[in-house]
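# following is a predicted model, sequence given first.
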Amino acid sequence: MDADGAAARARARREVAMYLAVVADLDPTVEIPADLLGRVKELVAEGRDEEAGR
């Protein structure tokens, strides 16, 4: 994804946050604290994907 490891990890976290916002409720094998998932969904809905990844 990127030769810069920190940049690659940041991008991966951002992409996973967007995925979680959509799929986490549909996957019964995933256990994510409700407050964390709620915050990720909120940030993604606001277009703040990078912040959601953090």
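It's in.
# can we go C-alpha only for contacts and neighbour counts from here?
Fine.
# tell me how far the nearest residue to Arg39 once chain neighbours are set aside lies from Ala3.
What sits nearest to Arg39 in space, not counting adjacent residues and going by CA to CA, 6 or more residues apart in numbering, is Ala52, at 7.6 Å. Between Ala52 and Ala3 the computed distance is 23 Å (CA to CA, to the nearest Å).
# low-confidence stretches in this structure?
Low-confidence regions of the chain, defined by pLDDT under 70, span residues 1.
# tell me, what residue is most central in it?
Within the chain, one residue has its C-alpha closest to the average C-alpha position: by CA atoms, centre = their mean, that is Ala17, at 0.9 Å.
# the residue nearest to Arg39: neighbouring residues, count only.
Here the count is done by other CA atoms under 10 Å, and Ala52 has 24 residues near it.
# give me the three-state assignment for it.
Here Ala52 is helix, with the state taken from DSSP: H, G, I helix; E, B strand; the rest coil.
# quick one, phi psi at the residue lying farthest from the centre of the chain?
In terms of distance from the mean C-alpha position of the chain, Ala3 ranks first, at 21.6 Å (CA atoms, centre = their mean). The phi and psi torsions at Ala3 (degrees, to the nearest 10) take the values phi -70, psi -20.
# which residue, other than its chain neighbours, is closest to Arg54?
Closest residue in space to Arg54, ignoring its immediate chain neighbours: Arg13 at 6.9 Å, by CA to CA, 6+ apart.
# got the CA positions of the host helix or strand of that neighbour in PDB?
Under the criterion of DSSP states H and E, Arg13 resides in helix 5-23. What follows is helix 5-23 as a C-alpha-only set of coordinates in PDB (Å, rounded to 0.1, in the frame of the first residue of the first chain):
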ATOM      1  CA  GLY A   5       5.000   1.800   7.200                       C
ATOM      2  CA  ALA A   6       3.200   4.400   9.300                       C
ATOM      3  CA  ALA A   7       1.200   5.700   6.300                       C
ATOM      4  CA  ALA A   8       0.300   2.100   5.200                       C
ATOM      5  CA  ARG A   9      -1.000   1.300   8.700                       C
ATOM      6  CA  ALA A  10      -3.000   4.500   8.900                       C
ATOM      7  CA  ARG A  11      -4.600   3.800   5.500                       C
ATOM      8  CA  ALA A  12      -5.400   0.200   6.600                       C
ATOM      9  CA  ARG A  13      -7.000   1.400   9.800                       C
ATOM     10  CA  ARG A  14      -9.100   4.000   7.800                       C
ATOM     11  CA  GLU A  15     -10.300   1.300   5.400                       C
ATOM     12  CA  VAL A  16     -11.200  -1.100   8.200                       C
ATOM     13  CA  ALA A  17     -13.100   1.600  10.000                       C
ATOM     14  CA  MET A  18     -15.300   2.200   6.900                       C
ATOM     15  CA  TYR A  19     -15.800  -1.600   6.500                       C
ATOM     16  CA  LEU A  20     -16.700  -2.000  10.200                       C
ATOM     17  CA  ALA A  21     -19.300   0.800  10.000                       C
ATOM     18  CA  VAL A  22     -21.200  -1.300   7.500                       C
ATOM     19  CA  VAL A  23     -20.500  -4.900   8.200                       C
END
